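Novice: 3D model of this:
(one chain, ligands or ions: 2)
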Amino acid sequence: MTYLLKIEQLNVGLVATRQSLLSSMSFSLKKHGCLGIVGESGSGKSLTCKAIIGLLDANFYCTGDIWLDKLNLRKCHHKKLQTLRGSTIGMILQHPMAAFDPTQTVGNHIVETLCMHRQLSPSAAKVIAIDYMKKVKLTQPHIIFNKYPLQMSGGMLQRVMIAIALSLEPKLLIADEPTTALDSVTQAEIINLFKSIREELGTTMLFISHDFGVINQLADNVIVMNQGSIVEQGLANEVLHHPQHKYSQYLISSRLTLQKRFQAIVNPNSLTKDNV
Ligand SMILES: Nc1ncnc2c1ncn2[C@@H]1O[C@H](COP(=O)(O)OP(=O)(O)OP(=O)(O)O)[C@@H](O)[C@H]1O
Ligand SMILES: [Mg+2]
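Specialist: Ligands and ions are numbered 1, 2, ... in the order given. Okay, the predicted model is just below:
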């Protein structure tokens, strides 16, 4: 099996207090595959992404190896990492506002990013940008192009970020809760877009979501995290339907209970003894 990403014994913590935040994490992501990460809030999903792309600041210590093909990202110069981010490793961060400069229009941001990574002229970059904005179901892309980040909703910015990440056609796409700010119809459309990008371009994906339904649709493998460690990993179908570890069982059954309660509220006729 060929792996694009291989994490070996990753440990992350706070320098000041020596508090461990991620401990002994090891996992691999095969080429063209999609690995889902699930776990409660605070379990370390976003930190794992940040460690992979080298975005942890000096407040954190980080040990272990992070292999992207034959390149150990942990040993890379920060300039090399900078060139890899975006073009080779695409990122969709959890909090879209943080990824934008509030003084720059969304259009400028996209065109600059595309020109920097894909050697395009600004006018060619604009054509691609508009095309991807349509793909992420942003209506009136020409109007959005001239807006500032603070004039846009979280969901719209999230879609712009997805459009930027996809337009750079990275080898590896790290998506941290990419659809949480979206309504369920848009979410379903964006999930289909991720699926077709994977099929058409063979993009390898690391995908974080609180929504097991989303993970089930996209990921072939999944890891379950609890308090900075991996408690279970395996095929998505098996882990999500027949979790072995106590914590995964708890996480999945509490999510199912929530879903059933929600169903009961929106459709009271579906109430039976079994799903109350
Ligand atoms: N800058 C920081 N300083 C101190 N602790 C931090 C910092 N960033 C994250 N942590 C801690 O690291 C742990 C993991 O955080 P992380 O953001 O990775 O969680 P998460 O699984 O992504 O949660 P969520 O589902 O809410 O996004 C948490 O306990 C958090 O408090
Ligand atoms: Mg997070």
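
Novice: Quick check, central residue of this protein?
Specialist: For the chain, the residue sitting closest to the mean C-alpha position, by Cα atoms, centre = their mean, is residue 175 at 1.4 Å.

Novice: Check the secondary structure at it for me.
Specialist: Secondary structure, DSSP: H, G, I helix; E, B strand; the rest coil: residue 175 is strand.

Novice: what does residue 200 give?
Specialist: Applying three-state DSSP: residue 200 is helix.

Novice: tell me, how many neighbours does it end up with?
Specialist: Neighbours of residue 200 under the rule other Cβ atoms under 10 Å: 9. All C-beta spots, glycine's among them, are computed from the backbone N, C-alpha and C.

Novice: pLDDT wise, what is it at?
Specialist: Here, the pLDDT recorded for residue 200 equals 88.

Novice: if we can go back for a sec, pretty sure the residue nearest to the centre of the chain is touching residue 93, no?
Specialist: No - Residue 175 lies out of contact with residue 93 (Cβ atoms under 8 Å); the separation is 9.1 Å.

Novice: Can you show me the strands along the protein?
Specialist: 3-14, 20-30, 34-39, 60-68, 71-72, 89-92, 172-176, 204-208, 221-226, 229-235 (DSSP state E).

Novice: Would you mind listing the buried residues in the first one?
Specialist: So the one you mean is strand 3-14. Neighbour-count burial for strand 3-14, with 16 or more other Cβ atoms under 10 Å as criterion, is recorded at 3-7, 10-13.

Novice: between the strands of the chain, which one is nearest to ligand 2?
Specialist: Closest of the strands of the chain to ligand 2 is strand 172-176, at 5.9 Å (criterion: Cβ to the ion).

Novice: Just give me how far the closest one sits from the chain centre.
Specialist: 4 Å (Cα atoms, centre = their mean, to the nearest Å).

Novice: Which strands and helices lie in contact with that strand?
Specialist: helix 45-52, strand 89-92, helix 154-167, strand 204-208 (3 or more Cβ pairs under 8 Å, 6 or more residues apart in numbering; DSSP states H and E).

Novice: Closest residue of the stretch 1-150 of the chain to ligand 2?
Specialist: residue 46 (3.1 Å).

Novice: wait, residue 167 sits on residue 130?
Specialist: No - counting by Cβ under 8 Å, residue 167 sits too far from residue 130 to count as a contact (10.2 Å).

Novice: So which of these two has more stuff around it?
Specialist: Using other Cβ under 10 Å, the more surrounded residue of residue 167 and residue 130 is residue 167, with 22 against 18.

Novice: so what's residue 147 closest to, chain neighbours aside?
Specialist: Leaving aside its chain neighbours, residue 147 sits nearest to residue 106 (5.5 Å; criterion: Cβ to Cβ, 6 or more residues apart in numbering).

Novice: which residues touch the one you found?
Specialist: 100, 144-149, 152, 157, 160 (Cβ atoms under 8 Å, 6 or more residues apart in numbering).

Novice: Just put these in JSON lines and tack on distance to residue 209, neighbour count and pLDDT.
Specialist: Output for the contacts of residue 106, formatted as JSON lines (distance: Cβ to Cβ, whole Å; neighbours: other Cβ atoms under 10 Å; pLDDT from 0 to 100):
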{"residue": "100", "distance to residue 209": "22", "neighbour count": "19", "pLDDT": "90"}
{"residue": "144", "distance to residue 209": "25", "neighbour count": "23", "pLDDT": "94"}
{"residue": "145", "distance to residue 209": "29", "neighbour count": "20", "pLDDT": "92"}
{"residue": "146", "distance to residue 209": "32", "neighbour count": "11", "pLDDT": "93"}
{"residue": "147", "distance to residue 209": "27", "neighbour count": "16", "pLDDT": "95"}
{"residue": "148", "distance to residue 209": "29", "neighbour count": "15", "pLDDT": "95"}
{"residue": "149", "distance to residue 209": "23", "neighbour count": "20", "pLDDT": "94"}
{"residue": "152", "distance to residue 209": "22", "neighbour count": "19", "pLDDT": "92"}
{"residue": "157", "distance to residue 209": "18", "neighbour count": "23", "pLDDT": "90"}
{"residue": "160", "distance to residue 209": "19", "neighbour count": "28", "pLDDT": "92"}
